[in-house]
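Participant: Next input, structure requested:
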Amino acid sequence: MKSFENKVAAITGAGSGIGRALAYRLARQGCHLALADVNAEGLAETAAQARQLGVTVTEAQVDVADRAAVHAWAEQVVRDHGRVNAIFNNAGVAQSGTVEGNDYADYEWIMGINFWGVVHGTKAFLPHLKASGEGHIVNISSVFGLFSQPGMSSYNATKFAVRGFTESLRQELDMLDCGVSASCVHPGGIKTNIARTARMNDSLAQVTGQDPEQARRQFHEQLLRTSPDRAAEVIINGVLRNKRRILIGPDAWLLDGMQRLMPALYQRLVVTSMRLAARFAPKKPATQVSTD
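Facilitator: Numbering: from 1, shown residues only. Predicted coordinates for the structure are as follows:
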C-alpha cells in the first residue's frame, strides 16, 4: 500500500489511545474507517470526531476475545464499505504480578485479548484483504514483545506471541505474493490509559517494592513518554514503507538494541536495576492501629 486515500481500514481498540489516534490520522488522509471497541462511549466519541474529517465511518462494539463476534464484524465491514484494505489489531490490556502470584485466570484473560484478539482479527479479515487486491495487517505487540522483565510474565507472553505470529504471517504472505503484507509494531511507553486500567496484584511488590497502586502511578508518570498521535504517525509511515518491524519511541529502540547486543546478559541487568529500584522505592505508610 502506497497510500491510504480512499482505502478502508478496520481498527480494534479504537475508543482511546493509539486506536483513536490512528483513526484520526487515517481519516485526515482520506481513509474510510470501520471502528471497534468494547467501550461503547469511547468508540462513539472517536467515530463522531472522525466523521467530521469527511470520511465514511462505521462502528461496532466488539470483544476481540470473542471469535464469532470478530468474524461477524469483518463480514459486516465488507457489507458496509464494499471492501477492506487494512486491519489494525490494536486492542490490548495489561496485567502484572509474579508467576507464583498470578492465577490461571489472569493468563487466560490477557491471552484472550492480546493474543487471540490478534489471531481472530487476522484470520477474519485476511480473506477480505486478499479480495481487495491491496491490503495490510498491522498487529500491535510491544517493547515487551522484545524484552522481558519480572512481574510482567503474562504481558510478555502475549506480546512475544504476537511477534512470533506476525513474523511467520509476514513470511507466508511474502511467499504467496498475494498483494497483502503484515507489520509487527513494538511501542515503548505510550501515554495511554493502559497503565491505569491494568490488572495488578499484590505479588508485584515482591519485585518492585511497591504496592500495585504505587507501581501503577510510577509507571504512568515516569515511563509513558510518547504521545498516541506520534505513535500513530510512526505506524502509518511504517505501513506505507512496508516495514516488517515498527519500533516506537527512544525506549523501544534502546531496549531492542540492548536485547540484540546482550540477549542473555540483559536479564541480569534488569534484575540488578529492579533490586536497586525496590530498595529505594517509597514505602506505603503503615496503618496506625489504636490501642485505646
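
Participant: Mind jotting down where the strands sit in the stretch 51-200 of the chain?
Facilitator: Under the criterion DSSP state E, counting those that start in this stretch, strands of the stretch 51-200 of the chain are mapped to 57-61, 86-89, 95-96, 135-140, 180-187, 199-200.

Participant: weakest of the ones you listed by average pLDDT?
Facilitator: Lowest mean pLDDT within the strands of the stretch 51-200 of the chain: strand 199-200, a mean of 82.

Participant: after it, next one along is what?
Facilitator: helix 205-208 (DSSP states H and E).

Participant: Give me the helices and strands touching that following helix, please.
Facilitator: helix 212-218, helix 265-280 (3 or more C-beta pairs under 8 Å, 6 or more residues apart in numbering; DSSP states H and E). Any C-beta I mention is one placed from the backbone N, CA and C, and that applies to glycine too.

Participant: surely Ser227 meets Lys191?
Facilitator: Yes - counting by C-beta atoms under 8 Å, Ser227 does reach Lys191; the two are 5.6 Å apart.

Participant: quick one: which of the strands of the stretch 51-200 of the chain is nearest Asn242?
Facilitator: strand 180-187 (5.5 Å; C-beta to C-beta).

Participant: the inter-axis angle of the closest one versus strand 135-140?
Facilitator: 20 degrees (axes from the mean of the first three to the mean of the last three C-alpha atoms, to 10 degrees).

Participant: which residues does Phe115 contact?
Facilitator: 157-158, 161-162, 165 (C-beta atoms under 8 Å, 6 or more residues apart in numbering).

Participant: quick one on the thing from earlier: and Ser227 and Lys191? Which one has more around it.
Facilitator: Lys191 (18 against 15; other C-beta atoms under 10 Å).

Participant: hmm, back to that, which of the helices and strands packed on helix 205-208 comes out lowest on mean pLDDT?
Facilitator: Among the helices and strands packed on helix 205-208, helix 212-218 scores lowest, at a mean of 60.

Participant: right, and the helix or strand after that one?
Facilitator: helix 228-240.

Participant: Pull the distance from the next helix or strand after that following helix to the chain's centre.
Facilitator: Once the chain leaves helix 228-240, the next helix or strand it forms, by DSSP H and E, is strand 245-248. Distance of strand 245-248 from the chain centroid (C-alpha atoms, centre = their mean, to the nearest Å) equals 12 Å.

Participant: before we move on, what about stretch 17-37?
Facilitator: From the chain centre to the centre of stretch 17-37 is a distance of 15 Å (C-alpha atoms, centre = their mean).

Participant: end to end, how far does it reach?
Facilitator: Stretch 17-37 has an end-to-end distance of 12 Å (C-alpha to C-alpha, to the nearest Å).

Participant: list the contacts for Gly121?
Facilitator: Gly121 neighbours (C-beta under 8 Å, 6+ apart): 10, 12, 64, 70, 74, 87, 89.

Participant: Please consider this matter closed, and thank you.
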